[in-house]
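A.B. asks: The following comprises the amino acid sequence and a computationally predicted model.
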Amino acid sequence: MYQIPFIQSRLQALSGPKSVIFLLLFLFLCPSLQAQEPRNAVQQMRNVDYRGLRNSNELFLGYPSETAWKSANLVSNAPVKQLKIHQPVKYGHLDLYLITGKTSSSHIKSLKTLKESLADKTGVVKETGDVNQLAVQNKSKKLDLFINAGDIVKGGKQDRTLAYDLWVPSNTEAALPSFCVEHDRWSKRGNEEVASFASNSYLLSSRSLRIASTVNNTQGEVWKEVSKLQEKLNSKLDTEVYGAASASSLQLSLENEELQEKIKEYEKAFASFGKDKEAIGFVFAINGELFGADYYIDPALFSRMREKLLTAAIVEAVSEQATDQETKTLTSSQVQAALQKMTDLQEGQYLSYNQHNTTIKLEDNEGYLLESRINPKSGVQANETEILLKDFDPANWLHRSFIFKPVEAE
């Protein structure tokens, strides 16, 4: 889809038979561009080969190509046993388990979320001409910027979701893999800016979507899962959630009036949930099955992410609600054991996608654990081709996200 503007710009200079001849010659000479789907985002990063670092105020596209996902012995250093998993708060078929703990980080005191930064114009997310990569600029001179994996940005040539957590220091620009969550557009929509993105109000609200984006890094799978979520919401709400301006847009579906009314209904039931001073995250289960969990290094960061996380869990609960009136409820001990089992894993992968950030990925037969860390080193030497794990102190973690795989029907 990203080749279309190139063709259009050439055709605009031609008319009549000349334009047809040009198009036929272009397709004949450039077969690799015919019906080409955007590449796997990690593969794109693998093809970027920047030896040496740029200045902090310039766009940094990535480490040398050899440092795409690497296998290694890893320790998440996630002391789940030191955290408290509370008894569930329940509404409908959605169970929320609050996580509290005495953790903190000096990084959080000078941090803004993507939603906050876009709102006050200190953060800018821009198109790069590539479907699967955006540029993120933090214009603040004092505050760092935190982007949560799964954040959805509205506008541009297509609405996108950002694939990984990103910590962007003040007065810095960085790149991050992204995925389109809108299939049928590559142009201006209404009065929105086409070169940048106006807002961030939502996270991906489906575990299948999160797996497609953050774990499998596959654009085609993301589009497929967006369509599935829309169809589920259509069925559960007995309406069509497709946006008039763009039927394939996940963002516009999440803005649907009927869905918003349902979200408000759940939010009222969970009005006081997650507002404890030591709250750092929560686990959620739907129909008695674990779906996901997120917790952060500092209560201050969770309190600012709480609304988007809660909305995402609610939307997924609406789309997955079982027809049965009664479902089982897991105990807090069962939930804690599930989290601990995953954090005990020591073999996984890591990806350093810019000089500031690393994501650790652990997997077993029950799910995935994704842990984002801040790199204490400012970068690598020009002759280095691999990043040593000792450079990524587990104490520098920011966010741990659990995605539980669907339970096989018996």
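C.D. replies: Perfect, thanks for sending it.

A.B. asks: what's the helix or strand hosting Met342 packed up against?
C.D. replies: Using DSSP states H and E, Met342 sits within helix 332-343. Applying 3 or more Cβ pairs under 8 Å, 6 or more residues apart in numbering; DSSP states H and E, one finds that helix 332-343 contacts strand 84-85, strand 279-286, strand 289-296, strand 357-364, strand 367-374, strand 397-404. Backbone N, C-alpha and C define where each C-beta goes, glycine included.

A.B. asks: Now render these as a markdown table, adding mean neighbour count, mean pLDDT and distance to His183.
C.D. replies: Formatted as a markdown table, these follow (neighbours: other Cβ atoms under 10 Å; pLDDT from 0 to 100; distance: least, Cβ to Cβ, whole Å):
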| stretch | mean neighbour count | mean pLDDT | distance to His183 |
| --- | --- | --- | --- |
| strand 84-85 | 19 | 94 | 39 |
| strand 279-286 | 25 | 97 | 26 |
| strand 289-296 | 24 | 96 | 25 |
| strand 357-364 | 20 | 88 | 26 |
| strand 367-374 | 23 | 89 | 25 |
| strand 397-404 | 23 | 92 | 23 |
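
A.B. asks: Any chance of JSON lines for those strands, columns distance to Asn138?
C.D. replies: Output for the helices and strands packed on helix 332-343, formatted as JSON lines (distance: least, Cβ to Cβ, whole Å):
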{"stretch": "strand 84-85", "distance to Asn138": "34"}
{"stretch": "strand 279-286", "distance to Asn138": "24"}
{"stretch": "strand 289-296", "distance to Asn138": "19"}
{"stretch": "strand 357-364", "distance to Asn138": "13"}
{"stretch": "strand 367-374", "distance to Asn138": "14"}
{"stretch": "strand 397-404", "distance to Asn138": "15"}
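
A.B. asks: right, and these - which one's nearest Gly123?
C.D. replies: The closest of the helices and strands packed on helix 332-343 to Gly123 is strand 357-364. By Cβ to Cβ, the value is 15.9 Å.

A.B. asks: contact partners of the closest one?
C.D. replies: Contacts to strand 357-364, defined as Cβ atoms under 8 Å, 6 or more residues apart in numbering, come from residues 69, 74, 76, 149, 164-167, 215, 341-343, 345, 347-353, 368-375, 387, 392.

A.B. asks: Let me see the ranges of the helices in the stretch 201-350 of the chain.
C.D. replies: Ranges of helices within the stretch 201-350 of the chain are 207-210, 219-237, 250-254, 257-269, 299-320, 332-343, based on DSSP state H, counting those that start in this stretch.

A.B. asks: Which of those sits closest to Asn191?
C.D. replies: Across the helices of the stretch 201-350 of the chain, the minimum distance to Asn191, taken as Cβ to Cβ, is reached by helix 250-254, at 14.4 Å.

A.B. asks: List the buried residues in the closest one.
C.D. replies: Leu250, Gln251, Leu252, Ser253, Leu254 (16 or more other Cβ atoms under 10 Å).

A.B. asks: Give me the mean pLDDT for it.
C.D. replies: Taken as a whole, helix 250-254 has a mean pLDDT of 98.

A.B. asks: before we move on, what about stretch 160-169?
C.D. replies: Rounded mean pLDDT across stretch 160-169 is 93.
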